[in-house]
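S.K.: one predicted model, sequence on top.
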Amino acid sequence: MEILHPDDWKAPIGYANGIKVPANGHLLYIAGQVGWSAQQEFESEDLVPQFEQALKNVLAVVAAGGGKPEHIVRMTAFCCDKPQYLSVRRELGPIWHRLMGKHYPAMSMIFVSDLLDHPGLIELEATAMVPAA
């Protein structure tokens, strides 16, 4: 996998602009994961714990496909509360580093009016490329 970054661009913080992935292996498409438990129950109505659980859920699906965090090549976040997201942004970095290390896939953040699963505040979907064994 190769991180794509045009030479004259400022370095991104917390994401990659693009990732080139070799064709040998298999792609995993991870559906949107919200911050609920394996029993589909929300244990918190706060954004930070929901973000952590949603990321853990993405990683659980990636692991079920034989992948690791560093195999995630793209992630999209859908969040219902931009002011709250901006106010807790610094708290999300340590969670990211604990679960993902220093790996940053190509990412997008989209603010939406609501999510299907109430009281969900954030949903993460991803694509992973797991190399051939």
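M.R.: Sure thing, it's come through.

S.K.: gap between the helix or strand of the chain with the lowest mean pLDDT and the chain center?
M.R.: Here the helix or strand of the chain ranked lowest by mean pLDDT, DSSP states H and E is strand 18-20, holding a mean of 76. Chain-centre distance of strand 18-20: 16 Å, with C-alpha atoms, centre = their mean, to the nearest Å.

S.K.: partner strands of it, parallel or antiparallel?
M.R.: Within its sheet, strand 18-20 is paired with strand 2-4 (antiparallel), according to DSSP bridges.

S.K.: what mean pLDDT does the partner strand get?
M.R.: Mean pLDDT, computed over strand 2-4, is 80.

S.K.: not counting its neighbours along the chain, what's nearest residue 124?
M.R.: Spatially, and ignoring its direct neighbours in sequence, residue 124 is nearest to residue 54 (4.7 Å; C-beta to C-beta, 6 or more residues apart in numbering). C-betas here are computed from N, CA, C, even on glycine.

S.K.: oops, could you answer that again for residue 52 instead?
M.R.: Nearest one to residue 52, counting by C-beta to C-beta, 6+ apart, is residue 95 at 4.8 Å.

S.K.: you'd agree the one you found is in a helix?
M.R.: Yes - counting by DSSP: H, G, I helix; E, B strand; the rest coil, residue 95 is part of a helix.

S.K.: does residue 51 lie in a helix or a strand, and which?
M.R.: helix 47-64 (DSSP states H and E).

S.K.: which strands and helices sit next to that helix?
M.R.: Judged by 3 or more C-beta pairs under 8 Å, 6 or more residues apart in numbering; DSSP states H and E, the packing partners of helix 47-64 are strand 25-34, strand 72-79, helix 82-100, strand 122-131.

S.K.: and the gap between the residue nearest to residue 55 when sequence neighbours are not counted and residue 73?
M.R.: Nearest residue to residue 55 in three dimensions, chain neighbours excluded: residue 99, at 5.4 Å (C-beta to C-beta, 6+ apart). Distance of residue 99 to residue 73, given as C-beta to C-beta, to the nearest Å: 16 Å.
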